[in-house]
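# my questions concern the predicted model and sequence given below.
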Amino acid sequence: MKAWRHTGLAAVAMLAMVHCVEGGAPGAQGDLSIAVAALNLPGVTDADYTLTVHNGPGGTGEVVWTRAISSAAYGDGAGSLSYVGTCDAGTGINTVTLELTALYDASGALPVGSYMNPTPVSREVACVADGDVAVTFDIALARRAEQGFFDVAVQFQDLFCSAKLDCENPDGSDLELLHAPDGGRGMTAVLGFACTASTTGSTYLYMDDLVIHCAGFTEDVRVAPTGLGTQAPVANADGYLFGAAVYRGTEQLASKAYWNVSLGLDATTFAAAGACTLTTRATASREPFPQEVGGFPLPAGAVYPVVTWDVALSDASQRVCTSHEIDGGDGVATDYVGYLPQLNAFTWSPDTIYMQHRLQPIHPTLPNGEVLSAAPPVCDPACDHGGVCVADAGVSVCDCAGTGYDGAACEVPVCAAPCQNGGVCVAPDTCDCAGTGYAGAVCDVDVDECAAGTDACDPTATCTNTLGGYTCACPSEGIDTLGDGTVCDYYASCDALLAARGVGSGSYLVDPDGAGAIAPLTVYCDMTWDSGGWTLIRSTTTSSCVGTMGTVAPGTARYLPTATMKALANGASQVHIRTKDQAATRSATSSAGGLAIQNLRAGNITNLGQTMSTTSAPGWSGPVVPTNMWYNCAVSGTWPAVYWACNNSNGLHLTTATNVCSFTYTNAPAMEAMEVYLR
């Protein structure tokens, strides 16, 4: 294959400016701070420029001043410089024109034909009286690379590119590479583009669709260089191409990328096609241009080299393309393009200049790289909550403006007024205050959990509200199982409470069945008589012998539910019956574990099955025994019946009769305040 010509693209960067005032403007003056970025061409030791300022737009008006300056005198000697001069504030818009007049290396001035000079370049500026206005010229300079392209093996900053279009062999015969429909190889045109930046990093290539316009056809032929290997043209209605193929990837150095497109020309269509011309363009960069809906924009405000193909392929009778090298004057050339929002003497485009496709040669899973095309940027993960994926410096990011969300994927809600006291922002301007102890739009209003009934205290604990929370306290007789008042356990009886805490007589919570179905209940405990530990289970008054089921306290007509009484009896061994406040003179106590407690455990009257006698009361002792406790008839009854001394007119009657509750049943009705205890 013939040797290619190569072009180096020198990327540039703006430098800091120094102050040096020159010249005199025709009217009110302002200062122009002019900066030319470094050319970064290897071996360049100096650059000469001519700077000219006109006091009108588009280079019109009078010359304010013109100066010949050099990079060695006003910059780094490698092409960059900074210069401050005056402008004419009286006319408003001034035009600053920069012209590169010479480049130098160690051997002296470089031949003019060895580099492509895009100057003169002009920028329009608004001159401000007694003010500084910055003017920056950002130029990528294309220079012919005389050395062999593929011999590059050292790191350098410049981009070197090769471009061509080949249609014939060295002897002038047709280049035949692609297989034609008949199985043989047919006439082929090969477009080649390759660039390298350095021995490290990536080189990004850009290329537009290849378009073939034929005078005899109404529709252009179009090939998108996006596939790999054989691919069908995007448009080929008249069959001018019998096939197409794309080859891309890297060679040797990771930073050297190539992108070649082969076009199979069908000679049988030449007569109808007439004159056919291939057009496309390509360029390269060291950092990726962002992917946007319009494509991949060239840097705004920069003069950027782009390789263009505008080559005649065939006429009505034959192939006319041959071998076309870059900048050889026959259709493959380096052009300078750029765009700015304002008018200028340089041929700036008024619109953004886009390339259609971008080749990323380095890809984690695709050995031949990946081609991206003009399309909306793609964000991964996708933007949520109405966020829009946009390109930012070559990277797709989510723009969350106006959504009420933030984060990489617009997934984080934003609360303009921050949530307080541990509240969590769960939606735009919406705080979740759950678990904080606060309410309100930003979790700043204390919640009284105790009043609202939303506390987690044990039902028997005392709840006390605090700022942002509450405290729970078990009753003094309770057992704070978890230490926070959320679980309060209790002793099974007054006897157990006395043994554990040594408390005095009074009302306390007990839990006779522990984890059973019976909830803790308040009972009265006599902690003094006969060593204490007695639990009150029934009481009467002088006006009511039976009363109602409920909480039992001295001086009330109440009795405990049967299940509760049984549970207490199961943990007790004795029954004690007395007249209120007269235990020393009017009381009877059963023997431990005797028939009386056994009957209560079964829910029966205490003297059921007791030996009948007129002189004794087996299993009982006390001041009223046996006088008021003997009986001589069969008895029966269930709780709340306690004792029936039948046939004993002076005996104890404490049953369910509404008008008899006394140790001395002499004449009905006989009613006194009585109490029944267990221990």
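Sure, I can see it.
# got the contact list for R601?
With Cβ atoms under 8 Å, 6 or more residues apart in numbering as the criterion, the residues that contact R601 are 566, 569-570. C-beta here means a position set from N, CA and C on the backbone, and glycine is covered the same way.
# go with 6 Å
Under the criterion of Cβ atoms under 6 Å, 6 or more residues apart in numbering, the contact partners of R601 comprise 569-570.
# kindly report the same for G547.
G547 makes contacts with 557-558, as judged by Cβ under 6 Å, 6+ apart.
# if we use 10 Å, what do you get?
Shown in contact with G547 (Cβ atoms under 10 Å, 6 or more residues apart in numbering): 538-541, 556-559, 640, 658, 661.
# how long is stretch 227-246 from one end to the other?
Here the two ends of stretch 227-246 are set 6 Å apart, with distance taken as Cα to Cα, to the nearest Å.
# buried stuff in that stretch?
Counting neighbours by 16 or more other Cβ atoms under 10 Å, one finds that the buried residues in stretch 227-246 are 228, 231, 233, 235-236, 238, 240-246.
# and for stretch 407-420?
By neighbour count, and taking 16+ other Cβ under 10 Å as the criterion, the buried residues in stretch 407-420 are 409-410, 413-415, 419-420.
# specify which member of these is nearest to D581.
Lowest distance from D581 to the buried residues of stretch 407-420 (Cβ to Cβ) belongs to Q420, with 59.9 Å.
# gap between that closest one and G469?
Here the criterion is Cβ to Cβ, to the nearest Å. By it, Q420 lies 14 Å from G469.
# do the same with G485
Computed as Cβ to Cβ, the G485 to G469 distance reads 12 Å.
# and the two? which has more neighbours close in?
For G485 versus G469, the count of surrounding residues by other Cβ atoms under 10 Å is larger for G485: 24 against 15.
# phi and psi next, for the closest residue to T45 other than its chain neighbours.
Excluding the flanking residues, the one nearest T45 by Cβ to Cβ, 6 or more residues apart in numbering is Y104, at 5.1 Å. Recorded main-chain torsions at Y104 are phi -130, psi 150, according to degrees, to the nearest 10.
# excluding chain neighbours, what is closest to S71?
A47 (4.4 Å).
# where does C450 sit: helix, strand or coil?
What DSSP: H, G, I helix; E, B strand; the rest coil gives for C450 is helix.
# ok, it - contacts?
Contacts of C450 were listed using Cβ under 10 Å, 6+ apart, and they are 457, 462-466, 470-472.
# make it 8 Å
Contacts of C450 by Cβ under 8 Å, 6+ apart are 457, 463-465, 470.
# how much space between the residue nearest to Y490 when sequence neighbours are not counted and D495?
Closest residue to Y490 in three dimensions, ignoring its sequence neighbours and counting by Cβ to Cβ, 6+ apart: D511, at 4.0 Å. Computed as Cβ to Cβ, the D511 to D495 distance reads 14 Å.
# the stretch 201-350 of the chain: strands as residue ranges?
Secondary structure of the stretch 201-350 of the chain, counting by DSSP state E, counting those that start in this stretch: strands at 204-207, 210-214, 221-223, 229-231, 241-251, 253-265, 276-285, 296-297, 304-314, 323-325, 332-337.
# export those strands to a markdown table and tack on distance to Y83 and mean pLDDT?
As requested, the strands of the stretch 201-350 of the chain are arranged in a markdown table below (distance: least, Cβ to Cβ, whole Å; pLDDT from 0 to 100):
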| stretch | distance to Y83 | mean pLDDT |
| --- | --- | --- |
| strand 204-207 | 33 | 93 |
| strand 210-214 | 44 | 97 |
| strand 221-223 | 48 | 97 |
| strand 229-231 | 52 | 91 |
| strand 241-251 | 42 | 90 |
| strand 253-265 | 35 | 84 |
| strand 276-285 | 29 | 95 |
| strand 296-297 | 30 | 91 |
| strand 304-314 | 24 | 93 |
| strand 323-325 | 38 | 93 |
| strand 332-337 | 23 | 85 |
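# please identify the most buried of those strands.
Per residue and on average, the most neighbours among these fall to strand 204-207, with a mean of 26 (mean count of other Cβ atoms under 10 Å).
# distance from it to the middle of the chain?
Here strand 204-207 shows a centroid-to-chain-centroid distance of 33 Å under the convention Cα atoms, centre = their mean, to the nearest Å.
# hang on, Y240 packs against T268?
No: between Y240 and T268 no contact is recorded; they are 9.9 Å apart, counting by Cβ atoms under 8 Å.
# need the contact list for V261.
The neighbours of V261, taking Cβ under 8 Å, 6+ apart as the test, are 190-191, 210, 223, 225, 244-247.
# would you reformat the buried residues of stretch 407-420 as CSV and include secondary structure and pLDDT?
Rendered in CSV, the data for those read as follows (DSSP: H, G, I helix; E, B strand; the rest coil; pLDDT from 0 to 100):
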residue, secondary structure, pLDDT
A409, coil, 94
C410, coil, 96
P413, strand, 97
V414, coil, 97
C415, coil, 97
C419, coil, 97
Q420, coil, 97
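# buried ones in stretch 164-184?
164-168, 174-175, 177-180.
# show the buried residues in the contacts of C450.
For the contacts of C450, a burial check counting by 16+ other Cβ under 10 Å picks out 457, 463, 465, 470.
# among the residues you listed, which ones are in strands?
Mapping the buried ones among the contacts of C450 onto strands (DSSP state E) picks out 463, 465, 470.
# could I get the contacts of C450 as CSV with pLDDT?
Listed next are the contacts of C450 as CSV, based on pLDDT from 0 to 100:
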residue, pLDDT
C457, 96
C463, 97
T464, 97
N465, 96
Y470, 95
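# can you name the two of those that sit furthest apart?
Farthest-apart pair in the contacts of C450 is C457 and N465; separation 11.0 Å (Cβ to Cβ).
# how about low-confidence regions in this structure?
Scanning the chain for pLDDT under 70 picks out 1-29, 31-43, 76-80, 113-116, 138-158, 197-201, 251-255, 340-348, 393-394, 666-669.
# all the helices of it, residue numbers only.
Under the criterion DSSP state H, the chain contains helices at 71-74, 270-273, 449-452, 494-501, 562-570, 595-601.
# could I get the ones you listed as CSV with distance to L654?
Below are these laid out as CSV (distance: least, Cβ to Cβ, whole Å):
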stretch, distance to L654
helix 71-74, 122
helix 270-273, 126
helix 449-452, 43
helix 494-501, 21
helix 562-570, 14
helix 595-601, 12
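# buried deepest among these, which one?
Ranked by mean neighbour count, those are led by helix 595-601 with a mean of 22 (mean count of other Cβ under 10 Å).
# show me the contacts for G435.
G435 makes contacts with G422, as judged by Cβ under 8 Å, 6+ apart.
# could you check how far it is from G423?
When G435 is compared with G423 (using Cβ to Cβ), they lie 9 Å apart.
# next: C494.
According to Cβ to Cβ, C494 and G423 sit 48 Å apart.
# same question, Q574
Counting by Cβ to Cβ, the separation of Q574 from G423 is 59 Å.
# separation between E672 and T542?
From E672 over to T542 (counting by Cβ to Cβ), the distance is 6 Å.
# neighbour count for the two, which is higher?
Neighbours around E672 and T542, counted as other Cβ under 10 Å, are more numerous at E672. The numbers are 17 against 13.
# identify the bridge partners of the closest residue to that one other than its chain neighbours.
On the basis of Cβ to Cβ, 6+ apart, the spatially nearest residue to E672 that is not a chain neighbour turns out to be S662, at 4.8 Å. According to DSSP bridges, the residues that bridge with S662 are H653.
# what is the neighbour count of S662?
The local packing of S662 (other Cβ under 10 Å) involves 24 other residues.
# wait, it sits on G651?
No: the criterion here is Cβ under 8 Å, and S662 misses it with G651 at 9.4 Å.
# quick one: residues contacting the residue nearest to E672.
The neighbours of S662, taking Cβ under 8 Å, 6+ apart as the test, are 652-654, 670-672, 674.
# do that again at 10 Å, thanks
The neighbourhood of S662, defined by Cβ under 10 Å, 6+ apart, consists of 540, 542, 545, 579, 586, 628, 650-654, 668-674.
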